[in-house]
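**Q** Here is the input, now give the coordinates:
(4 chains)
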Number of protein chains: 2
Amino acid sequence: MNKILAQLHQYAALSTDAQEAIGQALQKNHYAKNDFLLRKGQVCRHIYFIEKGALRGFYHTEEKEISHWFAFENDFVTSFHSFITGEPAVENIQFLEGAVLWAIPKDTLHELFDRFHEIERLVRIAYEKYYLRLEERFVNAQFKTAAERYEELLLTHPHIINRVPLGQVASYLGISQETLSRVRAGAMK
Amino acid sequence: MNKILAQLHQYAALSTDAQEAIGQALQKNHYAKNDFLLRKGQVCRHIYFIEKGALRGFYHTEEKEISHWFAFENDFVTSFHSFITGEPAVENIQFLEGAVLWAIPKDTLHELFDRFHEIERLVRIAYEKYYLRLEERFVNAQFKTAAERYEELLLTHPHIINRVPLGQVASYLGISQETLSRVRAGAMK
DNA sequence: AGCATCGTTTGATAATTATCAAAAACAGGA
DNA sequence: TCCTGTTTTTGATAATTATCAAACGATGCT
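**A** Predicted coordinates:
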């Protein structure tokens, strides 16, 4: 609980009242490895905070499967598109490890927005940061080669490489598993 | 002016008071073709609304130049990263055509956030939409081939192809100008 | 009309990455 | 420890895309 508030504090400060309201809205749950938090076609009605564990979001079609994000302790996760639009998700969310999550329902969050301008402001600021991160990834994807992107991932997010199967990391980087394996071996420099 | 409020209305409704406050904050300006609205290294302190004209945002390094967005009538533009962080921009914004823009300064916008919860809500919702668009582009970039992305662009944003030089469209799609030319000729099916 | 500039197309070749197939390495359970 | 299934690596080949170079086309200006 305090960990959650500490993470939120990164985005903006909150009054005691607002903090308490958030605390009351949260529900705790345990999940097993390989379970699905969300399957394609379901509507995602919560934002989750990861107390413990690791998750991935991935798209799955007949031809291929692409992991587009990984999340770990102290991250917030949701199926952004489904959560915001209320439409069925086009992605899946799966547990890479056993996990403990805190959930806040969308309805409750919107009630909090009405009651506390400061909470909506915090979320506005959080969205800004999430946008910037995605933009940065997007630009990197176009400017750097597969090998450079792997190097950078190794520097900035080593936990991804340690805790996620290689094939999934490869799809995250936008390359095939074999190519990533060769990049790793240093063959492609 | 009314066009701006109409665009804003897409995101959320606004009270008359809020609308008036926004109207007072706006400044109108004219620009010539090929001028820069913003150069790499400058801080972007405004959000702009395009009454008339076309712009592009692009990254420029020694090796290459990548146009990462195009904007036209009724679009809002800014250097997102610089505007939000207050840091010098890493991108350039240039006019593809002569243009008329309305500007709102960041400081003024934040004053409006304090005075009108509803304006901050509108912006929060606008960010959600912008995020979703970027996410969609990001996924498409990984799932579809260059040819498919071009086809899709042709269907969904034909004005980009009509009003933007081919080389810039190519960098937007993440391919070389020559490849795009061949894709267009239908050679790569 | 003629010239210069910019944008686009075409051709030949090289580099990058994917795909298919099989072997090797690793991890967990009996 | 051995077996089994999963993950990772390696090899050979094919497909995709980039790069370099040159030609073509359109536009605007004198």
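
**Q** Which strand residues bridge A:L55?
**A** Beta-bridge partners recorded for A:L55 (DSSP bridges): A:A71, A:F95.

**Q** per-residue confidence at A:K3?
**A** Listed pLDDT for A:K3 reads 91.

**Q** how about it, what does it touch?
**A** Going by Cβ atoms under 8 Å, 6 or more residues apart in numbering or on different chains, A:K3 touches A:49, A:51, A:74. From N, CA and C alone the C-beta is placed, and that goes for glycine too.

**Q** Please repeat the previous calculation with a cut-off of 10 Å.
**A** Listed by Cβ atoms under 10 Å, 6 or more residues apart in numbering or on different chains, the contact set of A:K3 reads A:49-51, A:73-74, A:102.

**Q** hey, which helix or strand in chain A has the poorest pLDDT?
**A** Least confident helix or strand of chain A, by mean pLDDT, DSSP states H and E, is helix A:146-156 with a mean of 87.

**Q** contacting residues around it?
**A** Contacts of helix A:146-156 (Cβ under 10 Å, 6+ apart): A:137, A:140-141, A:143-145, A:160-162, A:169-170, A:172-176, A:179-180, A:182-184, A:186-189.

**Q** can you give me the helices for chain A?
**A** Secondary structure of chain A (DSSP state H): helices at A:2-9, A:16-25, A:80-85, A:106-115, A:117-143, A:146-156, A:158-163, A:166-173, A:177-184.

**Q** Out of the ones you listed, which gets the lowest mean score?
**A** helix A:146-156 (a mean of 87).

**Q** Give me the subset of the contacts of A:K3 that lies in strands.
**A** Mapping these onto strands (DSSP state E) picks out A:49-51, A:102.

**Q** now, which of these sits nearest DNA strand D?
**A** Nearest to DNA strand D among the ones in strands among the contacts of A:K3 is A:I50, at 20.6 Å by Cβ to the nearest atom of the strand.

**Q** show me the contacts for the closest one.
**A** A:I50 neighbours (Cβ under 10 Å, 6+ apart): A:3-4, A:7, A:71-77, A:95, A:99-102.

**Q** PyMOL command to pick out the buried ones of the residues you listed?
**A** Buried members of those, defined by 16 or more other Cβ atoms under 10 Å in any protein chain shown, are picked up in PyMOL with:
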select buried, chain A and resi 4+71+72+76+77+95+99+101+102
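
**Q** and stretch A:10-30, how far from the chain's centre?
**A** Here the centre of stretch A:10-30 is set off from its chain's centre by 19 Å, with Cα atoms, centre = their mean, to the nearest Å.

**Q** Now do it: distance from first to last residue.
**A** Using Cα to Cα, to the nearest Å, one end of stretch A:10-30 lies 26 Å from the other.

**Q** Any buried residues in that stretch, and which?
**A** Here stretch A:10-30 shows A:11, A:14, A:18-19, A:21-22, A:25-26 as buried, counting by 16+ other Cβ under 10 Å.

**Q** Next, work out how far apart the closest residue to A:K33 other than its chain neighbours and A:I50 are.
**A** With sequence-adjacent residues excluded and distances taken as Cβ to Cβ, 6 or more residues apart in numbering or on different chains, A:K33 is closest to A:G98, at 5.0 Å. Using Cβ to Cβ, to the nearest Å, A:G98 is found at 12 Å from A:I50.

**Q** dump the residue contacts of the residue nearest to A:H60 when sequence neighbours are not counted.
**A** Excluding the flanking residues, the one nearest A:H60 by Cβ to Cβ, 6+ apart is A:N92, at 6.1 Å. By Cβ under 10 Å, 6+ apart, the residues touching A:N92 are A:36-42, A:56-60, A:65, A:67, A:79.
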